[in-house]
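Visitor: I would like to see how this sequence folds:
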Amino acid sequence: MLASLKQEQNKTVQAATAARLLLVDDDRVVLATLADGLRDAGYHVEVAASAREAIEQIGKLPPDLAILDVRMPGMDGIELAQHIREHTQVPVLFLSAYGDLTLVRRACEHGALGYVLKPVDIPQLVPPIEAALIRSRELIRLRESEIKLNTALAVEQRTRMAVGVLMERQRLDRRAAFEALRRAARSQRRKITDVADEILNAAEALNAPRPPHHGEP
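Guide: You can find the predicted model right below:
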């Protein structure tokens, strides 16, 4: 019976066996029990009995998900989550015996991807872990897409500004100015953005205030 249950449990997380988890709880019995169960479920699990230990471990090798107890001596789980959010991109899931709405709201304000109440067994814990991992990957993709979009917009803006400089200096219309920019890039075997930056830098240098000569006021 137990062997069958473990097999089903392993199938549940088969797609996520490479996920690295960091369990943080000042109760070492709970820590050891959950860590053993999650390892049997196929996860790579590290443990920390305090916020300080957790910060040290995250600094060495960031996990795919940090699972934090809320009530801990010294820096509590909420404060630890805030530190993690400010210094890393590690997602956080809370595991706590306290379920009052104030704590849940505070957890959500600090970016928690889930809040699970103790006591909990491994089959109950796997679904919120998987949901948090999936949501984390989605957020990473969104951040990457935002970075790419902002980069593309910045490149487009620099190119348009360089085209504007050529329009003004060479009295060209927009299409002719862009074609001139593109021809220059092609003839020099350079990226069009590099040529655009060169034009903008030259224009800025020409427009910069001229330092006074010796003897001028």
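
Visitor: make it CA atoms for all contacts and neighbour counts henceforth
Guide: Noted.

Visitor: center of this protein, which residue is that?
Guide: Centroid-nearest residue in the chain, with Cα atoms, centre = their mean: residue 89, separated by 4.0 Å.

Visitor: Just the element for that residue, please.
Guide: Taking DSSP states H and E as the definition, residue 89 sits outside all helices and strands.

Visitor: same thing with the one 10 residues further on?
Guide: Secondary-structure assignment from DSSP H and E places residue 99 in no helical or strand segment.

Visitor: With only the CA atoms kept, save stretch 120-128 in CSV.
Guide: The C-alpha trace of stretch 120-128 is given here as CSV (Å, rounded to 0.1, in the frame of the first residue of the first chain):
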residue,chain,number,x,y,z
VAL,A,120,0.1,19.2,5.7
ASP,A,121,1.2,15.9,4.1
ILE,A,122,3.3,15.6,0.9
PRO,A,123,0.4,14.7,-1.5
GLN,A,124,-1.4,17.9,-0.3
LEU,A,125,1.8,20.0,-0.6
VAL,A,126,2.8,18.9,-4.1
PRO,A,127,0.0,20.7,-6.0
PRO,A,128,0.7,24.2,-4.5
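
Visitor: about what we covered before: what's the spacing between the residue nearest to the centre of the chain and residue 183?
Guide: 43 Å (Cα to Cα, to the nearest Å).

Visitor: mind giving me the domain split of this protein?
Guide: The chain resolves into domains spanning 2-120, 148-207 when parsed by automatic domain parsing.

Visitor: Buried deepest among those, which one?
Guide: The highest mean neighbour count among these, using mean count of other Cα atoms under 10 Å, belongs to domain 2-120: a mean of 17.

Visitor: top helix in the protein by residue count?
Guide: Of all segments of type helix in the chain, defined using DSSP state H, the longest is helix 122-170.
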